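Asker: Make a model of this:
(chains A and B)
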Amino acid sequence: MSRSILSAALVLAAMVWAGTVAAAYRAIRQFETTPGFAANAPASWPARSVVPRSEGEWSLVMLVHPHCSCSRASVQELAAILDETPSSVRPTVLVFRPGDAQAGWEQTEVYRSASRLPHARVLIDTDGREAERFGGFTSGQTLLYDDRGSLRFAGGVTSLRGHAGANRGRRDVIDIASSRSGQGSHPVFGCAISTPKERTMK
Amino acid sequence: MSVLVEDPKIVARATELHDVQMQRRRAYVDRMFAALLVVQYLAGIAAAFAVSPFAWAGKERVLHMHVWVAVLAGAGITLLPVLLALFRPGTALTRHVIAASQMLSSALLIHLSGGRIETHFHIFGSLAFLAFYLDWKVLVTATIVVAADHFARGIYWPESVYGVTNPEWWRFLEHAGWVAFEDVFLVWACIFSNRELHSAAVRQAEVEHLSEQEQLKSAALEMAMAELRTSPA
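Answerer: Residues are numbered from 1 along each chain as shown, chains lettered A, B, ... in the order given. This next block holds a predicted model:
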């Protein structure tokens, strides 16, 4: 290889090197900081929901897509929330499953982590019908209803896609459930269970 | 220092021997890093596939952004240092680019693991490996890159490097401090080993010089003996 061609190749590689680093930082940051569709959650507990709700008990519902790797962090955060909230808060994890999926499709690490949560009910949400009743679109969507069935919190409990750790969503849920007062919301980060467009087309 | 080392011919020969040895060593380390960078590139892709292969939308799936980043950003980071190691081995530019790229590979792996604190050990292992160059300035380059990455991400995107949302502003100094802690010993090891190698080069130059002197003496003696044998009694 001639000297000039080699020098040109090295200069080109240097430009690719610098450009790649800058582009990668930008792309990853954009991906991880862009939230999913926020829930259009009903202000009162949806009457058609099959999730049992007892009078006098607060209910916490999390929608998850079992194959969403980011939702491992959401379930991890839910575990942290349950550690700090009164035992009178009843958690339910609704695991999305397409009706035509093969048996065991939902048996992932996200599902198994949810099954290990203390006091939590894990229910299969076939074709996302429950997600639709709760107005949720994004895996990790968390909804907190008080003992009278009024919505107190709607949002995510992670700071970014797939990042566990202290964040305002988690703090809000804990504070509202512990003090039994206030309302809150937070962006939700995760894979889509459905989109507003798909819902409209149904 | 022995009297012989003051001989400029020995000093020059010792420097020459030392330079050749360092050049050979550094070219060899360049090739080792080229292999390591390629292995890390493949490991990054494997890790992305293992941890988060797909992003989902209902029952549809697409390759996860982390896989694209591991493939494309990993290739971009790896390309230049590998080319330099192959075509410009042993140069200062090559080892400084390798040091920066190795730290960027650490940053990528830390990101792909979601800021797992355990992945930060990759930085410390890499610094120890960079010390094989016996050039302490390479460690400075690596430290600046890792500190800059932690500082920038700590401000704009702390979760990706520390795994938490709101670290203290000085957290990057804590991480950089541990890197500096390792650097102190590695820099000392580089300087010490360099001196040792230089001493060995001086000893070799002295031996060569003495051997040369011996050969000259033997030749002179041979000549004198031959003259004695041929001279009339």
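
Asker: Would you point out which residue of chain A is nearest chain B?
Answerer: Chain A approaches chain B most closely through residue A:20 (2.4 Å), counting by Cβ to the nearest Cβ. C-betas here are computed from N, CA, C, even on glycine.

Asker: for that residue, helix, strand, or coil?
Answerer: helix (DSSP: H, G, I helix; E, B strand; the rest coil).

Asker: neighbours around residue 78, how many?
Answerer: I went with chain A, as the question did not name one. When neighbours are counted by other Cβ atoms under 10 Å in any protein chain shown, residue A:78 registers 26.

Asker: switch to chain B, that's the one I care about
Answerer: 24.

Asker: Let me see the contact set for it.
Answerer: In this structure, residue B:78 makes contact with B:37, B:38, B:40, B:41, B:101, B:105, judged by Cβ atoms under 8 Å, 6 or more residues apart in numbering or on different chains.

Asker: and the first one, what element?
Answerer: Residue B:37 belongs to helix B:8-51 when elements are defined using DSSP states H and E.

Asker: Distance of residue B:82 relative to chain A?
Answerer: 9 Å (Cβ to the nearest Cβ, to the nearest Å).

Asker: Correct me if wrong: that residue contacts residue B:39.
Answerer: No: with contact defined as Cβ atoms under 8 Å, residue B:82 does not count as touching residue B:39 (11.3 Å).

Asker: who has more neighbours, those two?
Answerer: Legend: neighbour count by other Cβ under 10 Å for residue B:82 and residue B:39, higher for residue B:82 (21 against 11).

Asker: Report the secondary structure element holding the more buried one.
Answerer: Taking DSSP H and E as the criterion, residue B:82 maps to helix B:74-87.

Asker: Just the buried positions in that helix, please.
Answerer: By 16 or more other Cβ atoms under 10 Å in any protein chain shown, the buried positions in helix B:74-87 come out as B:74, B:76, B:77, B:78, B:79, B:80, B:81, B:82, B:83, B:84, B:85.

Asker: Kindly indicate which of the residues you listed lies nearest residue A:149.
Answerer: residue B:74 (50.0 Å; Cβ to Cβ).

Asker: Could you give the residue of chain B that lies closest to chain A?
Answerer: Residue nearest to chain A within chain B (Cβ to the nearest Cβ): residue B:76, separated by 2.4 Å.

Asker: which residue packs closest to that residue, ignoring adjacent ones?
Answerer: Counting by Cβ to Cβ, 6 or more residues apart in numbering or on different chains, residue B:76 lies nearest to residue A:20, which is 2.4 Å off, once chain neighbours are set aside.

Asker: per-residue pLDDT, that neighbour?
Answerer: With respect to pLDDT, residue A:20 has a value of 85.

Asker: and what of the one 10 residues further on?
Answerer: Taken from the predicted model, the pLDDT recorded for residue A:30 is 88.

Asker: quick revisit: pull out the buried residues from the contacts of residue B:78.
Answerer: Neighbour counting by 16+ other Cβ under 10 Å classes B:37, B:40, B:41, B:101, B:105 among the contacts of residue B:78 as buried.

Asker: May I see those organised as CSV, with distance to chain A added?
Answerer: Below are those laid out as CSV (distance: Cβ to the nearest Cβ, whole Å):
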residue, distance to chain A
B:37, 12
B:40, 15
B:41, 12
B:101, 7
B:105, 11
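
Asker: Can you classify residue A:59 by secondary structure?
Answerer: Residue A:59 - assigned by three-state DSSP - is strand.

Asker: With the one 3 residues further on instead?
Answerer: The three-state label for residue A:62, taken from three-state DSSP, comes out as strand.
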